[in-house]
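Q: turn this into a structure:
(chains A and B)
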Amino acid sequence: MAMRDLVEVAGFPLALGRLYHAESHMWVVTGQPDRVRVGMDALGVETSGTLAQVSFLPAGSAIAAGRPFGQLEAAKFVGPLLSPVSGTLLATNEQVALDAALLERDPYGQGWLMEARVTEPEGDLAALLADPEEIRAWFAAKVADYKLKGVLAQ
Amino acid sequence: MADQLRVIDFGLSSPLRSQSSWHAVAYGVSAGTPATMSFTRPAAPYVCLGYHRGIDEVDGEYCREQQLPVLRRMVGGGPVYLDTHQLFFQICVPASSVPAVRAQALFKLLEPAVAAFCALGVPAVLDEDQEICVGDRKICGHGAGQIEDAVVVCGNLIERFDYERATRVLALADAEQAEQTLALMRRFVAATPVDPVAFQAAVIDAYASALGLEPAPGELTEAECLALVDLDERFSGEAWTKGADRPAPSSVRGPSSNQVKVRAGVFTYAGAFNGARVSASVVKGILQRVRITDAKLNGSTREAERALLGASLQSVPKVLAGFGEAGGRIAAAFAAADPGRI
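A: Below is the predicted model of the structure:
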(Lines give C-alpha, C1' and ligand atoms only; values in the text may rest on other atoms or scores of the structure.)
Protein backbone atom coordinates (compact mmCIF):
# COMPACT_ATOMS: atom_id res chain seq x y z
CA MET A 1 0.00 0.00 0.00
CA ALA A 2 1.15 3.56 -0.66
CA MET A 3 2.81 5.80 1.90
CA ARG A 4 0.49 8.08 3.82
CA ASP A 5 1.75 11.37 2.45
CA LEU A 6 -0.26 13.47 4.93
CA VAL A 7 -0.87 17.16 4.42
CA GLU A 8 -3.19 19.58 6.18
CA VAL A 9 -5.96 21.22 4.16
CA ALA A 10 -8.36 23.70 5.74
CA GLY A 11 -7.51 22.40 9.19
CA PHE A 12 -8.01 18.71 8.44
CA PRO A 13 -5.47 16.02 7.61
CA LEU A 14 -5.58 14.77 4.05
CA ALA A 15 -3.55 11.87 2.71
CA LEU A 16 -2.45 12.34 -0.86
CA GLY A 17 -1.23 9.47 -3.01
CA ARG A 18 -4.61 7.78 -3.04
CA LEU A 19 -7.95 8.08 -4.79
CA TYR A 20 -11.10 9.69 -3.37
CA HIS A 21 -14.81 9.28 -3.91
CA ALA A 22 -16.11 12.84 -3.82
CA GLU A 23 -19.52 12.23 -2.26
CA SER A 24 -18.94 9.41 0.21
CA HIS A 25 -15.52 10.64 1.43
CA MET A 26 -14.08 7.17 0.94
CA TRP A 27 -10.43 6.84 -0.04
CA VAL A 28 -9.00 4.02 -2.11
CA VAL A 29 -5.43 2.82 -2.14
CA THR A 30 -4.40 0.60 -5.01
CA GLY A 31 -1.71 -1.96 -4.30
CA GLN A 32 -1.64 -5.35 -5.89
CA PRO A 33 -3.40 -5.64 -9.27
CA ASP A 34 -7.19 -5.50 -8.86
CA ARG A 35 -6.89 -5.29 -5.06
CA VAL A 36 -7.67 -2.11 -3.13
CA ARG A 37 -7.83 -0.93 0.44
CA VAL A 38 -10.68 1.44 1.35
CA GLY A 39 -11.18 3.84 4.23
CA MET A 40 -12.96 7.06 5.11
CA ASP A 41 -11.22 10.44 4.99
CA ALA A 42 -10.88 12.71 8.02
CA LEU A 43 -13.65 15.02 6.86
CA GLY A 44 -16.08 12.12 6.42
CA VAL A 45 -15.20 10.97 9.92
CA GLU A 46 -15.54 14.44 11.42
CA THR A 47 -18.94 15.08 9.85
CA SER A 48 -20.18 11.71 11.08
CA GLY A 49 -19.89 12.82 14.70
CA THR A 50 -18.70 10.60 17.52
CA LEU A 51 -18.59 7.03 16.32
CA ALA A 52 -20.28 4.23 18.24
CA GLN A 53 -20.00 1.12 16.12
CA VAL A 54 -18.87 -0.10 12.74
CA SER A 55 -19.99 -3.41 11.26
CA PHE A 56 -19.21 -5.06 7.94
CA LEU A 57 -20.60 -7.55 5.46
CA PRO A 58 -18.74 -10.86 5.72
CA ALA A 59 -15.59 -11.42 3.68
CA GLY A 60 -16.47 -12.99 0.34
CA SER A 61 -19.58 -10.82 -0.12
CA ALA A 62 -20.19 -9.26 -3.49
CA ILE A 63 -20.06 -5.47 -3.28
CA ALA A 64 -21.16 -2.79 -5.72
CA ALA A 65 -20.08 0.81 -6.18
CA GLY A 66 -22.49 3.09 -4.33
CA ARG A 67 -23.95 0.23 -2.29
CA PRO A 68 -23.21 -0.67 1.36
CA PHE A 69 -20.31 -2.84 2.47
CA GLY A 70 -21.08 -2.20 6.12
CA GLN A 71 -22.82 0.05 8.58
CA LEU A 72 -21.70 2.84 10.81
CA GLU A 73 -23.43 4.26 13.84
CA ALA A 74 -22.26 7.72 14.66
CA ALA A 75 -23.91 10.02 17.15
CA LYS A 76 -27.55 9.18 16.44
CA PHE A 77 -27.35 8.15 12.82
CA VAL A 78 -27.13 4.57 11.65
CA GLY A 79 -26.18 4.48 8.01
CA PRO A 80 -24.40 2.54 5.33
CA LEU A 81 -20.71 2.59 4.53
CA LEU A 82 -20.86 3.00 0.76
CA SER A 83 -18.36 1.16 -1.37
CA PRO A 84 -16.54 3.20 -4.00
CA VAL A 85 -15.87 0.06 -6.07
CA SER A 86 -17.59 -3.09 -7.29
CA GLY A 87 -16.15 -6.53 -6.72
CA THR A 88 -15.60 -8.93 -3.85
CA LEU A 89 -15.05 -8.04 -0.23
CA LEU A 90 -11.78 -9.74 0.73
CA ALA A 91 -11.16 -8.51 4.26
CA THR A 92 -12.49 -6.05 6.81
CA ASN A 93 -10.67 -4.29 9.61
CA GLU A 94 -11.77 -6.16 12.72
CA GLN A 95 -9.87 -3.70 14.92
CA VAL A 96 -12.25 -0.96 13.77
CA ALA A 97 -15.21 -3.27 14.42
CA LEU A 98 -13.94 -3.70 17.97
CA ASP A 99 -13.03 -0.05 18.50
CA ALA A 100 -14.76 2.42 16.19
CA ALA A 101 -12.70 5.25 17.68
CA LEU A 102 -9.71 3.86 15.77
CA LEU A 103 -11.30 5.31 12.66
CA GLU A 104 -11.34 8.72 14.34
CA ARG A 105 -7.76 8.43 15.60
CA ASP A 106 -6.14 7.23 12.38
CA PRO A 107 -8.51 7.42 9.40
CA TYR A 108 -5.80 7.05 6.78
CA GLY A 109 -3.83 4.29 8.49
CA GLN A 110 -4.92 1.79 11.12
CA GLY A 111 -8.52 2.93 10.71
CA TRP A 112 -8.85 1.47 7.20
CA LEU A 113 -12.19 -0.26 6.60
CA MET A 114 -12.02 -2.99 3.98
CA GLU A 115 -9.99 -4.60 1.23
CA ALA A 116 -11.62 -5.69 -1.99
CA ARG A 117 -10.93 -7.29 -5.33
CA VAL A 118 -12.21 -4.88 -7.97
CA THR A 119 -14.14 -6.36 -10.86
CA GLU A 120 -13.79 -3.43 -13.22
CA PRO A 121 -10.82 -1.38 -12.11
CA GLU A 122 -10.79 0.73 -15.24
CA GLY A 123 -14.36 1.94 -14.72
CA ASP A 124 -14.57 2.24 -10.93
CA LEU A 125 -11.14 3.66 -10.24
CA ALA A 126 -11.26 6.06 -13.17
CA ALA A 127 -14.36 7.64 -11.63
CA LEU A 128 -12.46 8.64 -8.47
CA LEU A 129 -10.48 11.80 -7.83
CA ALA A 130 -6.82 11.06 -8.50
CA ASP A 131 -4.94 14.27 -9.18
CA PRO A 132 -3.39 15.63 -5.93
CA GLU A 133 -4.18 19.24 -6.76
CA GLU A 134 -7.74 18.34 -7.68
CA ILE A 135 -8.05 16.41 -4.41
CA ARG A 136 -6.74 19.35 -2.38
CA ALA A 137 -9.18 21.73 -4.08
CA TRP A 138 -12.14 19.34 -3.64
CA PHE A 139 -11.32 18.79 0.03
CA ALA A 140 -10.94 22.52 0.78
CA ALA A 141 -14.22 23.25 -1.02
CA LYS A 142 -15.99 20.57 1.01
CA VAL A 143 -14.72 22.00 4.30
CA ALA A 144 -15.93 25.47 3.29
CA ASP A 145 -19.31 24.08 2.20
CA TYR A 146 -19.83 22.14 5.43
CA LYS A 147 -18.91 25.17 7.50
CA LEU A 148 -21.33 27.31 5.52
CA LYS A 149 -24.12 24.79 6.08
CA GLY A 150 -23.41 24.47 9.78
CA VAL A 151 -22.26 20.86 9.56
CA LEU A 152 -18.78 21.84 10.76
CA ALA A 153 -18.05 24.42 13.43
CA GLN A 154 -16.68 27.68 12.06
CA MET B 1 -47.75 21.05 -8.73
CA ALA B 2 -45.35 20.03 -5.99
CA ASP B 3 -44.65 16.38 -5.31
CA GLN B 4 -46.50 14.80 -2.45
CA LEU B 5 -45.58 14.44 1.20
CA ARG B 6 -47.67 11.48 2.31
CA VAL B 7 -48.95 11.97 5.86
CA ILE B 8 -49.95 8.94 7.91
CA ASP B 9 -51.23 9.22 11.45
CA PHE B 10 -50.99 5.79 13.05
CA GLY B 11 -52.62 7.18 16.19
CA LEU B 12 -52.50 5.27 19.43
CA SER B 13 -50.42 2.17 18.74
CA SER B 14 -49.18 -0.83 20.66
CA PRO B 15 -45.48 -0.58 21.61
CA LEU B 16 -44.61 -3.00 18.81
CA ARG B 17 -46.65 -1.18 16.17
CA SER B 18 -45.36 2.20 17.30
CA GLN B 19 -42.00 0.98 15.97
CA SER B 20 -42.83 -1.46 13.19
CA SER B 21 -45.26 0.88 11.41
CA TRP B 22 -42.74 3.57 10.55
CA HIS B 23 -40.06 1.01 9.72
CA ALA B 24 -42.55 -0.41 7.18
CA VAL B 25 -42.90 3.10 5.77
CA ALA B 26 -39.12 3.28 5.38
CA TYR B 27 -39.11 0.12 3.29
CA GLY B 28 -41.92 1.59 1.21
CA VAL B 29 -40.14 4.89 0.64
CA SER B 30 -37.00 2.96 -0.23
CA ALA B 31 -39.00 1.12 -2.89
CA GLY B 32 -40.43 4.30 -4.37
CA THR B 33 -43.46 5.47 -2.40
CA PRO B 34 -43.44 9.24 -1.74
CA ALA B 35 -41.61 10.90 1.14
CA THR B 36 -43.72 10.33 4.22
CA MET B 37 -44.42 12.05 7.50
CA SER B 38 -45.89 9.74 10.11
CA PHE B 39 -47.09 10.04 13.68
CA THR B 40 -47.71 7.58 16.45
CA ARG B 41 -48.37 7.60 20.16
CA PRO B 42 -47.59 4.48 22.24
CA ALA B 43 -50.68 3.06 23.93
CA ALA B 44 -48.50 1.55 26.66
CA PRO B 45 -45.04 2.26 28.06
CA TYR B 46 -41.97 0.43 26.79
CA VAL B 47 -38.23 0.73 26.29
CA CYS B 48 -36.56 1.15 22.93
CA LEU B 49 -32.93 0.52 22.13
CA GLY B 50 -30.78 1.89 19.28
CA TYR B 51 -29.68 -0.47 16.54
CA HIS B 52 -26.14 -1.12 17.72
CA ARG B 53 -26.59 -0.74 21.44
CA GLY B 54 -26.10 -3.50 23.97
CA ILE B 55 -29.14 -5.03 25.63
CA ASP B 56 -27.15 -4.87 28.88
CA GLU B 57 -27.64 -1.10 28.89
CA VAL B 58 -31.24 -1.79 29.96
CA ASP B 59 -32.27 -3.08 33.40
CA GLY B 60 -33.92 -6.22 32.05
CA GLU B 61 -35.10 -7.43 35.43
CA TYR B 62 -36.93 -4.19 36.17
CA CYS B 63 -38.51 -4.15 32.72
CA ARG B 64 -39.75 -7.74 33.18
CA GLU B 65 -41.17 -6.91 36.61
CA GLN B 66 -42.93 -3.85 35.23
CA GLN B 67 -44.01 -5.70 32.09
CA LEU B 68 -42.25 -3.13 29.93
CA PRO B 69 -41.46 -4.54 26.50
CA VAL B 70 -37.94 -3.86 25.20
CA LEU B 71 -37.79 -3.26 21.45
CA ARG B 72 -34.82 -2.60 19.22
CA ARG B 73 -35.17 0.01 16.48
CA MET B 74 -33.16 0.24 13.26
CA VAL B 75 -31.91 3.78 13.85
CA GLY B 76 -29.33 5.11 16.27
CA GLY B 77 -29.31 6.36 19.82
CA GLY B 78 -29.30 4.85 23.28
CA PRO B 79 -32.00 3.14 25.35
CA VAL B 80 -35.02 5.35 25.98
CA TYR B 81 -38.30 5.08 27.85
CA LEU B 82 -41.46 5.81 25.85
CA ASP B 83 -45.03 6.20 26.97
CA THR B 84 -48.34 7.66 25.95
CA HIS B 85 -47.33 11.17 27.00
CA GLN B 86 -44.93 11.34 24.07
CA LEU B 87 -46.10 11.97 20.50
CA PHE B 88 -43.63 10.55 17.99
CA PHE B 89 -43.10 11.82 14.48
CA GLN B 90 -41.04 10.33 11.70
CA ILE B 91 -39.92 11.94 8.46
CA CYS B 92 -38.85 9.47 5.82
CA VAL B 93 -37.36 10.54 2.49
CA PRO B 94 -35.49 8.84 -0.35
CA ALA B 95 -31.76 8.71 0.42
CA SER B 96 -31.08 10.37 -2.92
CA SER B 97 -32.95 13.50 -1.79
CA VAL B 98 -30.63 14.34 1.10
CA PRO B 99 -26.87 15.01 1.21
CA ALA B 100 -24.66 11.92 1.35
CA VAL B 101 -22.84 13.39 4.34
CA ARG B 102 -24.93 12.16 7.21
CA ALA B 103 -24.46 15.16 9.49
CA GLN B 104 -25.69 17.39 6.70
CA ALA B 105 -28.68 15.14 6.08
CA LEU B 106 -29.49 15.09 9.77
CA PHE B 107 -29.24 18.86 9.95
CA LYS B 108 -31.59 19.22 6.98
CA LEU B 109 -34.12 16.84 8.51
CA LEU B 110 -34.02 18.27 12.04
CA GLU B 111 -34.34 21.95 11.21
CA PRO B 112 -38.06 21.69 10.29
CA ALA B 113 -38.77 20.11 13.68
CA VAL B 114 -37.14 23.14 15.31
CA ALA B 115 -39.26 25.40 13.11
CA ALA B 116 -42.39 23.55 14.25
CA PHE B 117 -41.57 24.13 17.92
CA CYS B 118 -40.84 27.80 17.18
CA ALA B 119 -44.14 28.18 15.31
CA LEU B 120 -45.88 27.29 18.58
CA GLY B 121 -43.89 29.88 20.53
CA VAL B 122 -41.31 27.47 21.95
CA PRO B 123 -37.85 29.10 21.63
CA ALA B 124 -36.19 25.90 20.40
CA VAL B 125 -32.82 25.78 18.69
CA LEU B 126 -30.71 23.07 17.11
CA ASP B 127 -27.59 23.25 19.23
CA GLU B 128 -23.98 22.50 18.33
CA ASP B 129 -24.54 18.84 19.19
CA GLN B 130 -27.54 18.72 16.84
CA GLU B 131 -29.96 18.32 19.72
CA ILE B 132 -33.22 20.26 19.88
CA CYS B 133 -33.05 22.38 23.01
CA VAL B 134 -34.51 25.28 24.87
CA GLY B 135 -31.60 26.86 26.69
CA ASP B 136 -29.46 23.96 27.85
CA ARG B 137 -32.37 21.55 28.20
CA LYS B 138 -33.12 18.96 25.55
CA ILE B 139 -36.80 18.98 24.60
CA CYS B 140 -36.92 16.45 21.78
CA GLY B 141 -35.33 13.03 21.54
CA HIS B 142 -34.33 11.99 18.07
CA GLY B 143 -32.75 9.14 16.19
CA ALA B 144 -31.88 8.78 12.55
CA GLY B 145 -30.72 6.24 10.06
CA GLN B 146 -30.76 4.91 6.56
CA ILE B 147 -32.95 1.86 5.95
CA GLU B 148 -32.18 0.50 2.52
CA ASP B 149 -32.58 3.56 0.27
CA ALA B 150 -34.64 5.66 2.66
CA VAL B 151 -33.39 8.08 5.30
CA VAL B 152 -35.57 8.43 8.35
CA VAL B 153 -35.40 10.82 11.28
CA CYS B 154 -37.61 10.24 14.32
CA GLY B 155 -38.37 12.72 17.04
CA ASN B 156 -40.91 13.33 19.75
CA LEU B 157 -43.00 15.90 21.47
CA ILE B 158 -42.59 15.22 25.19
CA GLU B 159 -45.83 16.38 26.75
CA ARG B 160 -44.97 14.95 30.13
CA PHE B 161 -41.78 13.10 31.07
CA ASP B 162 -41.62 10.30 33.60
CA TYR B 163 -38.11 11.03 34.89
CA GLU B 164 -38.18 8.27 37.50
CA ARG B 165 -39.08 5.51 35.07
CA ALA B 166 -36.82 6.88 32.34
CA THR B 167 -33.97 6.51 34.83
CA ARG B 168 -35.11 3.26 36.35
CA VAL B 169 -35.15 1.32 33.06
CA LEU B 170 -31.41 1.96 32.60
CA ALA B 171 -28.78 -0.46 33.84
CA LEU B 172 -26.96 1.61 36.46
CA ALA B 173 -24.10 0.67 38.74
CA ASP B 174 -25.75 1.49 42.05
CA ALA B 175 -28.23 3.71 43.89
CA GLU B 176 -25.82 6.64 43.82
CA GLN B 177 -25.51 6.59 40.03
CA ALA B 178 -29.29 6.21 39.77
CA GLU B 179 -29.82 9.26 41.99
CA GLN B 180 -27.31 11.31 40.02
CA THR B 181 -28.79 10.23 36.68
CA LEU B 182 -32.27 11.19 37.84
CA ALA B 183 -31.02 14.59 38.98
CA LEU B 184 -29.33 15.25 35.63
CA MET B 185 -32.44 14.14 33.72
CA ARG B 186 -34.56 16.56 35.72
CA ARG B 187 -32.06 19.32 35.06
CA PHE B 188 -31.29 18.72 31.37
CA VAL B 189 -34.42 17.15 29.83
CA ALA B 190 -37.65 19.12 29.63
CA ALA B 191 -41.21 18.45 28.57
CA THR B 192 -43.00 20.86 26.23
CA PRO B 193 -46.69 20.93 27.14
CA VAL B 194 -48.01 22.43 23.90
CA ASP B 195 -51.19 21.28 22.16
CA PRO B 196 -50.22 18.04 20.37
CA VAL B 197 -52.75 18.63 17.58
CA ALA B 198 -51.25 22.05 16.88
CA PHE B 199 -47.76 20.55 17.08
CA GLN B 200 -48.68 17.85 14.59
CA ALA B 201 -50.00 20.46 12.15
CA ALA B 202 -46.89 22.61 12.63
CA VAL B 203 -44.59 19.66 11.98
CA ILE B 204 -46.41 18.78 8.77
CA ASP B 205 -46.27 22.41 7.59
CA ALA B 206 -42.60 22.78 8.45
CA TYR B 207 -41.47 19.59 6.71
CA ALA B 208 -43.66 20.13 3.66
CA SER B 209 -42.30 23.63 3.31
CA ALA B 210 -38.65 22.63 3.85
CA LEU B 211 -38.87 19.74 1.39
CA GLY B 212 -40.98 21.65 -1.15
CA LEU B 213 -43.72 19.02 -1.01
CA GLU B 214 -47.49 19.14 -0.81
CA PRO B 215 -48.87 17.31 2.26
CA ALA B 216 -51.63 14.79 1.59
CA PRO B 217 -53.20 12.20 3.89
CA GLY B 218 -52.25 8.66 2.97
CA GLU B 219 -52.10 5.11 4.18
CA LEU B 220 -49.77 2.15 3.95
CA THR B 221 -49.43 0.49 0.57
CA GLU B 222 -50.02 -3.21 0.17
CA ALA B 223 -46.27 -3.84 0.10
CA GLU B 224 -45.83 -1.82 3.28
CA CYS B 225 -48.58 -3.83 4.97
CA LEU B 226 -46.70 -7.01 4.10
CA ALA B 227 -43.46 -5.46 5.38
CA LEU B 228 -45.30 -4.55 8.58
CA VAL B 229 -46.19 -8.19 9.21
CA ASP B 230 -42.55 -9.20 8.71
CA LEU B 231 -41.33 -6.40 10.95
CA ASP B 232 -43.80 -7.31 13.69
CA GLU B 233 -42.36 -10.80 13.69
CA ARG B 234 -38.74 -9.65 13.51
CA PHE B 235 -39.07 -7.07 16.28
CA SER B 236 -40.88 -9.56 18.52
CA GLY B 237 -38.05 -12.08 18.26
CA GLU B 238 -35.68 -12.57 21.14
CA ALA B 239 -32.66 -12.72 18.81
CA TRP B 240 -33.46 -9.33 17.28
CA THR B 241 -33.92 -7.71 20.67
CA LYS B 242 -30.72 -9.24 21.99
CA GLY B 243 -28.85 -7.83 19.02
CA ALA B 244 -26.00 -9.10 16.92
CA ASP B 245 -23.45 -11.27 18.62
CA ARG B 246 -20.60 -8.83 18.70
CA PRO B 247 -18.58 -7.16 21.39
CA ALA B 248 -20.19 -4.19 23.09
CA PRO B 249 -18.76 -1.00 21.63
CA SER B 250 -15.64 -0.11 23.56
CA SER B 251 -16.85 3.46 23.41
CA VAL B 252 -19.89 2.62 25.50
CA ARG B 253 -18.58 0.85 28.56
CA GLY B 254 -15.38 -0.47 30.01
CA PRO B 255 -14.81 -3.56 32.17
CA SER B 256 -15.38 -1.81 35.51
CA SER B 257 -17.22 1.32 34.54
CA ASN B 258 -20.66 2.45 33.51
CA GLN B 259 -21.30 5.71 31.71
CA VAL B 260 -24.85 6.85 31.04
CA LYS B 261 -25.56 9.76 28.74
CA VAL B 262 -28.42 12.09 29.64
CA ARG B 263 -27.93 14.46 26.73
CA ALA B 264 -24.93 15.49 24.64
CA GLY B 265 -22.07 16.43 26.97
CA VAL B 266 -24.01 15.44 30.10
CA PHE B 267 -23.55 12.04 31.71
CA THR B 268 -23.14 10.09 34.90
CA TYR B 269 -20.18 7.83 35.46
CA ALA B 270 -19.53 5.02 37.89
CA GLY B 271 -16.12 3.38 38.07
CA ALA B 272 -14.11 1.16 40.34
CA PHE B 273 -10.45 0.28 40.77
CA ASN B 274 -8.79 -1.83 43.40
CA GLY B 275 -11.23 -1.04 46.19
CA ALA B 276 -11.96 2.55 45.21
CA ARG B 277 -15.41 3.35 43.80
CA VAL B 278 -16.52 6.63 42.27
CA SER B 279 -19.81 8.01 41.02
CA ALA B 280 -19.87 11.36 39.28
CA SER B 281 -22.05 13.73 37.30
CA VAL B 282 -20.20 15.34 34.40
CA VAL B 283 -21.41 18.37 32.47
CA LYS B 284 -19.33 19.53 29.51
CA GLY B 285 -16.28 17.76 30.91
CA ILE B 286 -16.60 19.26 34.40
CA LEU B 287 -17.33 17.23 37.54
CA GLN B 288 -20.48 18.59 39.14
CA ARG B 289 -21.19 15.95 41.74
CA VAL B 290 -18.81 13.31 43.08
CA ARG B 291 -19.20 10.43 45.50
CA ILE B 292 -16.14 8.40 46.51
CA THR B 293 -15.87 5.18 48.51
CA ASP B 294 -12.46 3.93 49.52
CA ALA B 295 -12.00 2.20 52.87
CA LYS B 296 -8.31 3.13 52.99
CA LEU B 297 -8.88 6.83 52.48
CA ASN B 298 -9.82 7.10 56.15
CA GLY B 299 -11.31 10.49 56.94
CA SER B 300 -10.32 12.20 53.71
CA THR B 301 -13.15 11.00 51.47
CA ARG B 302 -15.23 14.17 51.75
CA GLU B 303 -12.11 16.28 51.28
CA ALA B 304 -11.28 14.44 48.03
CA GLU B 305 -14.88 14.87 46.83
CA ARG B 306 -14.73 18.60 47.53
CA ALA B 307 -11.39 18.90 45.74
CA LEU B 308 -12.88 17.31 42.62
CA LEU B 309 -16.01 19.47 42.43
CA GLY B 310 -15.65 21.85 39.49
CA ALA B 311 -12.52 20.10 38.24
CA SER B 312 -12.24 18.87 34.68
CA LEU B 313 -12.08 15.13 34.01
CA GLN B 314 -8.57 15.55 32.57
CA SER B 315 -7.34 17.18 35.77
CA VAL B 316 -8.51 14.38 38.11
CA PRO B 317 -5.05 12.73 38.56
CA LYS B 318 -3.49 16.13 39.29
CA VAL B 319 -6.21 17.12 41.76
CA LEU B 320 -5.85 13.80 43.59
CA ALA B 321 -2.07 13.83 43.65
CA GLY B 322 -2.07 15.09 47.22
CA PHE B 323 -4.13 12.12 48.45
CA GLY B 324 -1.33 9.58 48.25
CA GLU B 325 -1.86 6.01 47.16
CA ALA B 326 -5.62 6.21 47.63
CA GLY B 327 -5.70 9.27 45.35
CA GLY B 328 -4.04 7.18 42.66
CA ARG B 329 -6.64 4.44 43.03
CA ILE B 330 -9.48 6.93 42.80
CA ALA B 331 -7.93 8.56 39.73
CA ALA B 332 -7.67 5.08 38.17
CA ALA B 333 -11.36 4.50 38.90
CA PHE B 334 -12.08 7.66 36.87
CA ALA B 335 -9.83 6.61 33.99
CA ALA B 336 -12.57 5.21 31.75
CA ALA B 337 -14.76 8.33 31.94
CA ASP B 338 -14.87 9.89 28.50
CA PRO B 339 -16.91 12.94 27.45
CA GLY B 340 -16.56 11.76 23.84
CA ARG B 341 -18.55 8.58 24.38
CA ILE B 342 -21.98 8.29 22.85
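Q: what sits against B:M185?
A: B:161, B:163, B:166-167, B:262 (CB atoms under 8 Å, 6 or more residues apart in numbering or on different chains). To be clear about C-beta, it is placed using only N, CA and C from the backbone, and glycine gets the same treatment.
Q: widest-spaced pair of those residues?
A: Maximum pairwise distance among the contacts of B:M185 (CB to CB): 12.1 Å, between B:F161 and B:V262.
Q: which neighbours do these two have in common?
A: Common contacts of B:F161 and B:V262 (CB under 8 Å, 6+ apart): B:185, B:189.
Q: with neighbour numbers in mind, choose between these two.
A: A count of neighbours by other CB atoms under 10 Å in any protein chain shown puts B:V262 above the other of B:F161 and B:V262, at 26 against 20.
Q: touching, A:G79 and A:S55? I think so.
A: No: counting by CB atoms under 8 Å, A:G79 sits too far from A:S55 to count as a contact (11.7 Å).
Q: so which of those two has more stuff around it?
A: The residue with more neighbours, out of A:G79 and A:S55, is A:G79; 23 against 18, by other CB under 10 Å.
Q: who's that one bridged to?
A: On the basis of DSSP bridges, A:G79 is bridged to A:L72.
Q: residue contacts, it?
A: A:G79 sits next to A:71-72, B:102, B:145-146, B:151 when contact means CB under 8 Å, 6+ apart.
Q: who wins for most neighbours among those?
A: Top of these by neighbour number is B:V151, holding 29 neighbours under the definition other CB under 10 Å.
Q: that residue and B:C92 touch, don't they?
A: Yes: using CB under 8 Å, B:V151 makes contact with B:C92 at a distance of 7.3 Å.
Q: where does chain A dip in pLDDT?
A: A:1-4, A:75-76, A:150, A:153-154 (pLDDT under 70).
Q: helices along that one, start to end?
A: A:42-48, A:94-98, A:101-105, A:121-126, A:132-148 (DSSP state H).
Q: which bits of the stretch 51-200 of chain B sit near chain A?
A: B:51-53, B:74-77, B:100-107, B:128, B:130, B:142-146, B:151 (CB under 8 Å from any CB of the partner chain).
Q: filter those down to the ones in strands?
A: B:142-146, B:151 (DSSP state E).
Q: what does chain A have sitting close to chain B?
A: Residues of chain A lying close to chain B by CB under 8 Å from any CB are A:23-25, A:44, A:47-53, A:55, A:73-80, A:82, A:97-101, A:146, A:149-151, A:153.
Q: returning to that earlier point: identify the contacts common to A:G79 and A:S55.
A: Residues touching both A:G79 and A:S55 (CB under 8 Å, 6+ apart) are A:Q71.
Q: so who does residue 10 touch?
A: As the question left the chain open, I've gone with chain A. With CB under 8 Å, 6+ apart, A:A10 has these contacts: A:139-140, A:143-144.
Q: chain B, not that one
A: Contacts of B:F10 by CB under 8 Å, 6+ apart are B:17-18, B:21-22, B:38-40.
Q: quick one: contacts of stretch B:291-298?
A: The contact list for stretch B:291-298 (CB under 8 Å, 6+ apart) reads B:176, B:180, B:275-280, B:301, B:304-305, B:308, B:323, B:325-326, B:329-330.
Q: repeat that for 6 Å
A: Stretch B:291-298 has contacts (CB atoms under 6 Å, 6 or more residues apart in numbering or on different chains) with B:176, B:276-279, B:301, B:304-305, B:326, B:330.
Q: could you identify the most distant pair in these?
A: B:E176 and B:A326 (18.6 Å).
Q: B:G141 contacts B:L157, correct?
A: No: here B:G141 does not reach B:L157: they are 10.0 Å apart, not a contact under CB atoms under 6 Å.
Q: more neighbours: these two, which one.
A: Neighbours of B:G141 and B:L157, each counted by other CB under 10 Å, are more numerous for B:L157; the result is 28 against 23.
Q: where along the stretch 101-250 of chain B do the helices fall?
A: With DSSP state H, counting those that start in this stretch as the criterion, the stretch 101-250 of chain B has helices at B:102-119, B:163-168, B:175-188, B:196-211, B:222-236, B:238-242.
Q: so who does A:P132 touch?
A: Counting by CB under 6 Å, 6+ apart, A:P132 makes contact with A:L16.
Q: re the thing from before, out of the contacts of B:F10, which is most surrounded?
A: Each of the contacts of B:F10 was scored for neighbours by other CB under 10 Å, and B:W22 scores highest at 29 neighbours.
Q: which ones are touching that residue?
A: Neighbour list for B:W22: B:38, B:90 [criterion: CB under 6 Å, 6+ apart].
Q: phi, psi for it please.
A: Main-chain dihedrals, B:W22, degrees, to the nearest 10: phi -80, psi -20.
Q: ok, now how distant is it from chain A?
A: B:W22 sits 14 Å away from chain A, going by CB to the nearest CB, to the nearest Å.
Q: could you chop chain B up by domain?
A: Under the assignment automatic domain parsing, the domains of chain B span B:4-159+B:194-242, B:257-334.
Q: model confidence over stretch B:31-40, on average?
A: Averaged over stretch B:31-40, pLDDT sits at 97.
Q: what's next to it, contact-wise?
A: B:4-10, B:13, B:18, B:22, B:25, B:29, B:88-93, B:200, B:204, B:207, B:221.
Q: among those residues, which ones are buried?
A: Among these, the ones that count as buried by 16 or more other CB atoms under 10 Å in any protein chain shown are B:4-8, B:10, B:13, B:18, B:22, B:25, B:29, B:88-93, B:200, B:204, B:207, B:221.
Q: now do the buried residues in stretch B:213-223.
A: B:213, B:215, B:218, B:220-221.
Q: what about A:A127, distance to chain B?
A: 15 Å.
Q: next, count neighbours for that residue.
A: A:A127 has 14 neighbours, counted by other CB under 10 Å.
Q: same question, A:Q32
A: Using other CB under 10 Å, A:Q32 has 9 other residues around it.
Q: now B:A175
A: The number of residues packed near B:A175 is 9, by other CB under 10 Å.
Q: okay, the residue in the stretch 101-250 of chain B that chain A sits nearest to: pLDDT?
A: Using CB to the nearest CB, B:G145 is the residue of the stretch 101-250 of chain B that sits closest to chain A, at 3.7 Å. pLDDT recorded at B:G145 is 92.
Q: tell me the bridge partners for it.
A: Note on B:G145: beta-bridge partners by DSSP bridges are A:V78, B:V152.
Q: thought it was touching A:V78?
A: Yes: B:G145 lies in contact with A:V78 (CB under 6 Å); the separation is 3.7 Å.
Q: what touches both of those two?
A: Shared contacts of B:G145 and A:V78 (CB under 6 Å, 6+ apart): B:75-76.
Q: how about B:G78, what does it touch?
A: When contacts are counted by CB under 6 Å, 6+ apart, B:G78 touches B:50, B:53.
Q: same deal with B:R289?
A: Neighbours of B:R289 in contact, by CB under 6 Å, 6+ apart: B:180, B:281.
Q: can I take it that it is in a strand?
A: Yes: counting by DSSP: H, G, I helix; E, B strand; the rest coil, B:R289 is part of a strand.
Q: for it, report the pLDDT, please.
A: For B:R289, the model assigns a pLDDT of 97.
Q: tell me the pLDDT at B:A103?
A: pLDDT, B:A103: 76.
Q: that one - how many residues pack around it?
A: The number of residues near B:A103, taken as other CB under 10 Å, comes to 22.
Q: swap in A:D99?
A: By other CB under 10 Å, the residues close to A:D99 number 20.
Q: repeat for A:G11
A: Neighbour tally, A:G11, other CB under 10 Å: 12.
Q: of the contacts of A:A10, which pair is most distant in space?
A: Longest distance between any two of the contacts of A:A10 is 9.9 Å, between A:F139 and A:A144; criterion CB to CB.
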